[in-house]
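Kindly return the folded structure for what I paste below:
(one chain, ligands or ions: 1)
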Amino acid sequence: MTDTENPVPKPYLSNLPKPRIPPTEFGDRQVRRLHLNECPYQPSPRVKEAVAQASESLNLYPDGGWTKLVEALGAHWNWPAERIVCTNGSDELLMLSAQMSLSPGTEAIAPGPCFPGYPRAVAAQGAKLVQIPVRADGGIDVRATLDAVTEQTRLVFITTPMNPTGTLMNAEEVATLLREIPDHALAVLDEAYYELGRHAGGPDHDDALAARKGPWVVLRTFSKAYGLAGLRLGYALCGSDAIKRSLDNLRITLNVSRLSQAGALAALSDTAHTAMILDKTAQERRRLTEGLEAAGCPVLPSATNFIAAKLPGPAADAARTLREEAGILTQTIPYPGFEDCIRISIGDADDTDAVLNNLPMLLGASGPA
Ligand SMILES: Cc1ncc(COP(=O)(O)O)c(C=O)c1O
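Residues are numbered from 1 along each chain as shown. Below is the predicted model:
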């Protein structure tokens, strides 16, 4: 007997578009990977040592409570270790946050454009995504976001610094959102680029988070400022024991490998290495921004490891030409109004030189017909 009322897969899942998995492997082809906001520098040498040591125990399951890592993170961010949840990249936490809060008939609010993980996570729960266009400076439109909240809203994404624009929100803007998002919605403060934002002079949001009555979670990652994208380690600071318990119930029990836990712990301990990554990133960001602006391409002020630049014409053409002719990978921003914007990750000095040397190609390819 078949159950036509409850088909498998659930109808809203089988109707979803094919997931867009970004290209990460290029065989022998030499490319400059400026499309995924990766860190161009190797992680701290301590990471390799720690991972090598952890690889002596690969026959054993990892610590499902990440004891040493959450203690270190708690001490580092002055946050209770028992309210931290580690996952396989912070991308996984986007899925878990959506699972925790959404179901068919409910709504989530996100900025437009936004990180592609948001629409995916919302769609996977059969919920509706309401996207609020960002302001001209690339930041979240606080008032329009709050105006979009309805009785059905269960999740609001706040991203600072913002991907794909790089924009840093100020303390008052984030405090307003955290205060006014109603208690029936989960506030997800996505701080994947937190360390870069702080290095650029951005605020923390500790007081505003502590003052929020409704549910909230902060998402951070080792993928960006620590150069550990390949280890896949994200973590959540949970606003309450109930949020922590929900994430623990939803996640896979032994979810983060021994190698990832050991590597992240070592990376966190090497603050001088992280400072080096942040300094060099800021330096190259300045050089890339100045070069693009001197060539007539306005760049949104960025507090992170990528920039969004406005080209004279379609960014898709420019990105294709850069990829095919110069082996430089970049991102387009598929959102209305951003057709002529290109997102370029900040690489090392050699990457910056390569982009700047190819500016005529970039501008020529995107120039108005
Ligand atoms: C805004 C934002 N959130 C989350 C992520 C996911 O990062 P990861 O899964 O590597 O921790 C990214 C990655 O680029 C991002 O830009």
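
any idea how far the ligand is from the residue lying closest to Tyr194 once chain neighbours are set aside?
With C-beta to C-beta, 6 or more residues apart in numbering as the criterion, Tyr194 has its nearest non-adjacent residue at 5.5 Å, and that residue is Arg220. All C-beta atoms are positioned from the backbone trio N, CA, C, and that covers glycine. Using C-beta to the nearest ligand atom, to the nearest Å, Arg220 is found at 8 Å from the ligand.

Tell me how this protein divides into domains.
Domain ranges of the chain: 25-41+272-364, 45-269, per automatic domain parsing.

pLDDT on the shortest one, on average?
Looking back up the chat, that one is domain 25-41+272-364. Averaging pLDDT along domain 25-41+272-364 gives 96.

circling back: deepest of the domains of the chain, which one?
For the domains of the chain, the largest average neighbour count (mean count of other C-beta atoms under 10 Å) is found in domain 45-269, namely a mean of 20.

Quick one: name the residues of the stretch 101-250 of the chain near the ligand.
115, 117, 159, 163, 190, 192, 221, 223, 229, 234 (C-beta under 6 Å from any ligand atom).

show me the contacts for the last one.
Taking C-beta atoms under 8 Å, 6 or more residues apart in numbering as the definition of contact, the neighbours of Gly234 are 86-93, 192, 219-223.

10 Å instead?
The neighbourhood of Gly234, defined by C-beta atoms under 10 Å, 6 or more residues apart in numbering, consists of 85-94, 192, 219-223, 256, 264.

Quick check: what element follows the longest helix belonging to the chain along the chain?
Using DSSP state H, we find that the single longest helix of the chain is helix 271-294. Counting by DSSP states H and E, the element after helix 271-294 in chain order, helix or strand, is strand 306-310.

returning to that earlier point: identify the farthest-apart pair in the residues of the stretch 101-250 of the chain next to the ligand.
The largest separation in these, counting by C-beta to C-beta, is between Thr159 and Ala229 at 17.9 Å.

For the ligand, what's the nearest residue on the chain?
Of all residues in the chain, the one sitting closest to the ligand is Gly89 (2.8 Å; C-beta to the nearest ligand atom).

Might one say that that residue is in contact with Arg220?
No. If you go by C-beta atoms under 10 Å, Gly89 and Arg220 don't touch, sitting 11.0 Å apart.

Quick check: neighbours shared by those two?
With contacts defined as C-beta under 10 Å, 6+ apart, the residues shared by Gly89 and Arg220 are 192, 233-235.

quick check, nearest of those to Ser345?
Distance to Ser345, by C-beta to C-beta, is smallest for Ala192 among those, at 13.1 Å.
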